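>>> Using only what follows, build the 3D model:
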Amino acid sequence: MTRRISLLLILVMSGAYTCSMAQENNHPPKGFKTLFNGRDLAGWYGWTTKNPEQLWAMSEDELAQYKAESLKDINQHWSVENGELVNDGSGLYLTTDEEFSSYEFWIDYKTVPKADSGIYLKGVPQVQIWDYTDKGKFGIGGDKGSGGLWNNSKGANGKDPLVLADNPLGQWNRFRIRQIGARTWVWLNSKLVVNNAILENYYDRARPLFHHGPIQLQTHGGEIRWRNVFIREIGPQEANTILGGSSKDLGFESVFNGKDLTGWAGAVDNYQIVDGAIQCKKGTGGNLFTKKIYGDFVVRIEIKMPPAGNNGLAIRYPGSGNPAYLGMTELQVLDTGYPGKLAPYQFHGSAYGMVPAAQGYLQPAGQWNFQEVTVIGSTIKVELNGSVILNTDLGKLDDPELLKRHPGKTLTEGHFGFAGHNDPVQFRNIHIKAL
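Predicted structure coming up:
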């Protein structure tokens, strides 16, 4: 039974299992729901290439009025024929009323010569669709085929598809798209064309992709047809398994055996093992850290906080003193329910006292979060639940008062650990790869 479950997990994560189970005629497979009922445009409205934050800034009444008005344009350019969504190549993009965060999305499409279209995820462009035989677009990647994250920066992972997977024009194509945070996988006709790439925030590349948002079907000059529009939302446990599933294969080493604190030093009496996780004892604190020292490294870890829970990740900690100041930094671990007014650099994922992280990407208290931290030289990148919430170079900070408060900022090596602050915050699945 164990071998069968393991094989099933491998097939699901590779795409082979679920794609083979796809249903036709707008009837979703088990675990999925349909976003298009095969009869009309219920559940959709019109939007275009505009920052969806403009939608979120509207009042409830303003949004309802906008959606109703947008349907006038939608009904001019979109129709339903024989269970297929049909667009004439013009007008607003068909946009889901529902918004999604982590999900698996299936859709079939068929288009015409020289057409150019795409699928916007969380309101952001785009999984590209085009005529791979149109020589006029070879200079911008058309010959590479559909499925790439075309609006990513030049050279970024995922911008170009890994393989040409389009069916000949006039035939149906099937996308399977999985997105966890900004992490994106795309299969086209069962071939992996985007593998675990970050979809950039087209509207502000300095900020992470939005936590949630609608799916949009783009119109771009040529008729396109869609059918079998299905979605399955991915919960936190499954998301964490996917995000961390390849750690061993990628050269990460487990630094916690799930049973005791072998390999750890510092405030060992103030931490305990609870359900296979390291937990700070309530009412205690102190710094627990690896005996091993790291220079440049990547750490993958799962974190769960109680309401208002507070802790920290000690980065290049010297083994004594306060890691926020004497270490390279303390990356804040803090639940969103923490009381009182916080400085920007106190929110979860921030380099404490120095650089704030983006907010809005934590799971609710009591749920596990997947976090990856990459430390190279003076740079630190923090990825939370698939979204990059901090990407900074501490070496560029030159304020004299800040440098005085953080003398450890320039450390090139040290221990990795936890900076407890009296709350029963938990850590598990701790893997580190030295670079």
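>>> and the residue sitting nearest the centre point of the chain, what is it in contact with?
Central residue check for the chain by Cα atoms, centre = their mean: the C-alpha nearest the mean position is that of Gly181, 1.9 Å away. Listed by Cβ atoms under 8 Å, 6 or more residues apart in numbering, the contact set of Gly181 reads Ser101, Ser102, Pro208, Leu209, His211, Ala239, Tyr361, Glu383, Leu384, Asn385, Gly386, Ser387. C-beta: built from backbone N, CA, C; applies to glycine.
>>> roughly how far out does stretch 152-168 sit from the chain middle?
19 Å (Cα atoms, centre = their mean, to the nearest Å).
>>> okay, and for the stretch 201-350 of the chain, where does confidence drop off?
Within the stretch 201-350 of the chain, not a single segment meets pLDDT under 70.
>>> Please flag which of the contacts of Gly181 sit within helices.
Taking DSSP state H, the ones among the contacts of Gly181 that sit in helices are Ala239.
>>> Just give me the closest of the contacts of Gly181 to Leu63.
For Leu63, the nearest member of the contacts of Gly181 is His211. The distance, counting by Cβ to Cβ, is 18.2 Å.
>>> Now that closest one: closest residue in space, sequence neighbours ignored.
Spatial nearest neighbour of His211, excluding adjacent residues (Cβ to Cβ, 6 or more residues apart in numbering): Gly360 at 5.1 Å.
>>> now swap in Leu326 and tell me
Counting by Cβ to Cβ, 6+ apart, the nearest residue to Leu326 once its immediate chain neighbours are dropped is Gly408, at 4.3 Å.
>>> same check, this time on Gln76
Computed as Cβ to Cβ, 6+ apart, the closest residue to Gln76 that is not its neighbour in sequence is Gly91, at 6.1 Å.
>>> Check the gap between Ala57 and Asn51 for me.
Computed with Cβ to Cβ, to the nearest Å, the distance linking Ala57 and Asn51 is 10 Å.
>>> actually Arg205, sorry about that
Look at Arg205 and Asn51: by Cβ to Cβ, they are 13 Å apart.
>>> so what sits against both of these two?
Both Arg205 and Asn51 lack any common contacting residue under the criterion Cβ under 8 Å, 6+ apart.
>>> With neighbour numbers in mind, choose between the two.
In this comparison of Arg205 against Asn51, neighbours counted by other Cβ atoms under 10 Å, the higher total goes to Asn51 at 15 against 12.
>>> Can you show me the strands along the stretch 151-300 of the chain?
173-180, 183-188, 191-198, 216-217, 224-233, 253-254, 264-266, 271-274, 277-280, 285-294, 297-304 (DSSP state E, counting those that start in this stretch).
>>> which parts of the fifth one are buried?
Yep, that's strand 224-233 we're talking about. For strand 224-233, the neighbour count (16 or more other Cβ atoms under 10 Å) marks Ile224, Arg225, Trp226, Arg227, Asn228, Val229, Phe230, Ile231, Arg232, Glu233 as buried.
>>> can you put these in TSV and add distance to Tyr109?
Converted to TSV, these look like this (distance: Cβ to Cβ, whole Å):
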residue	distance to Tyr109
Ile224	6
Arg225	7
Trp226	5
Arg227	8
Asn228	10
Val229	10
Phe230	13
Ile231	15
Arg232	19
Glu233	22
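>>> Now render the strands of the stretch 151-300 of the chain as TSV, adding distance to His421.
TSV is the format used below for those (distance: least, Cβ to Cβ, whole Å):
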stretch	distance to His421
strand 173-180	29
strand 183-188	30
strand 191-198	31
strand 216-217	43
strand 224-233	33
strand 253-254	25
strand 264-266	14
strand 271-274	13
strand 277-280	8
strand 285-294	5
strand 297-304	14
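>>> returning to what we had before: SS state for the residue nearest to Leu326?
Under the three-state scheme (DSSP: H, G, I helix; E, B strand; the rest coil), the conformation of Gly408 reads as helix.
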